[in-house]
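>>> how would this look folded up:
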Amino acid sequence: MFLAFLCLNFTSLAQDSTSNSSVEIDITSNYVWRDFQGNTPNWGIQPNLDYQLGKSNFTLGQWINIAHNFEDKFTWLEATISLSYTRLFFDSTEFSFGVSAYPNYYFETDSLKTYNRQLIELTFANQFYNIPGSPLLNIYYHPTAGLYSSVALEHSFSLFKSWELNLGFVSGGRAFSLHHSNGLTDVRLQTGLAFPFLNLDLLFSWHNIYLPLQKSYRSVFNLNIALP
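Take a look at the predicted model:
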């Protein structure tokens, strides 16, 4: 779950009730996973497929990340398979529980190639639609990376026709990590412009991120493409 580069697409947890599936592609200028990132940008392409199982509240997902660092010259591939259960309470509060499996992870540099099997990650999300900013709480637990949680706020403004301006704030932190520092990991401000193009729904967003543990800033640009 993008996880991975934490690119929040300014979309709610709810799925379109008229369709059982959704396909999206993210193109990002800097892939950041739970704030683990070096001093040079990692470009990434991340297709994502979600399929609702019949009329149930269960969704099966497949996410792939293809990332490359042109300066440090290394490439890696990731894939996750997820199963989640989502339910809306009182027409205002939405809960989602899920399990994500990392069946493969491939990392390559000029002198090193590795192929690893990752462990399972547990996910939890809770969004409150009746509170200003529609607060969204995300919690991820990975046995090695530890517990990562984030809180997101967002607000959308209608511009003209089908165009929207989205503003957001996200703060995340990590605990119980076996090999990395714990504490507040990232604080970010997000600006996004959503608009239709050639029967596609596009979202271009800019993320200004501060990483307290690394004492550094990151600017990330992302293009989200939702296929019909």
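>>> where does this structure have its least confident helix or strand?
strand 113-116 (a mean of 58; mean pLDDT, DSSP states H and E).
>>> Can you name the element that comes right after it?
strand 120-128 (DSSP states H and E).
>>> So which bits of that following strand are buried?
Within strand 120-128, the residues that count as buried by 16 or more other C-beta atoms under 10 Å are Glu121, Thr123, Ala125, Gln127. Backbone N, C-alpha and C define where each C-beta goes, glycine included.
>>> Show residues contacting that strand.
Residues outside strand 120-128 that contact it (C-beta atoms under 8 Å, 6 or more residues apart in numbering): 1, 12-13, 80, 82, 84, 92-102, 134-143.
>>> mind running it again at 10 Å?
With contacts defined as C-beta atoms under 10 Å, 6 or more residues apart in numbering, strand 120-128 is touched by 1, 3, 12-14, 80, 82, 84, 86, 88, 92-102, 134-145, 147-150, 152.
>>> what does the average pLDDT come to for it?
For strand 120-128, mean pLDDT rounds to 91.
>>> before we move on, what about stretch 23-33?
Rounded mean pLDDT across stretch 23-33 is 87.
>>> where do the strands sit along the protein?
Taking DSSP state E, the strands of the chain run over residues 21-28, 43-52, 58-69, 74-89, 93-108, 113-116, 120-128, 136-142, 146-158, 164-175, 183-197, 200-211, 216-227.
>>> Who are the packing partners of the second one?
Packing partners of strand 43-52 (3 or more C-beta pairs under 10 Å, 6 or more residues apart in numbering; DSSP states H and E): strand 21-28, strand 58-69, strand 74-89, strand 216-227.
>>> got CSV for these, with distance to Ile209 and mean neighbour count too?
Formatted as CSV, these follow (distance: least, C-beta to C-beta, whole Å; neighbours: other C-beta atoms under 10 Å):
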stretch, distance to Ile209, mean neighbour count
strand 21-28, 12, 18
strand 58-69, 17, 18
strand 74-89, 20, 16
strand 216-227, 4, 16
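>>> Show me the one of the ones you listed that comes nearest Ser162.
Taking C-beta to C-beta, strand 216-227 is the member of these nearest to Ser162, at 12.6 Å.
>>> And for Ser158, the neighbour number?
For Ser158, the count of nearby residues is 9 (other C-beta atoms under 10 Å).
>>> contacting residues around the nearest residue to it once chain neighbours are set aside?
Leaving aside its sequence neighbours, Ser158 sits nearest to Glu164 (C-beta to C-beta, 6 or more residues apart in numbering; 5.9 Å). Applying C-beta under 10 Å, 6+ apart to Glu164 gives the contacts Phe10, Ser156, Phe157, Ser158, Gly192, Leu193, Ala194, Phe195, Leu203.
>>> Equivalent analysis for Pro228, please.
Ser19, Ser22, Val23, Leu198, Asn199, Leu200, Asp201.
>>> hmm, which of those residues are the buried ones?
Ser22, Asp201.
>>> was I right about Phe176 contacting Gly146?
Yes. Counting by C-beta atoms under 10 Å, Phe176 does reach Gly146; the two are 4.1 Å apart.
>>> Between these two, which has more neighbouring residues?
Gly146 (17 against 12).
>>> got any ranges where the protein has weak pLDDT?
1-19, 33-40, 103-119 (pLDDT under 70).
>>> can you rerun that using 80?
Scanning the chain for pLDDT under 80 picks out 1-19, 32-41, 71-76, 102-119, 143-145, 176-181, 213-214, 228.
>>> Right, I'll call it a day here.
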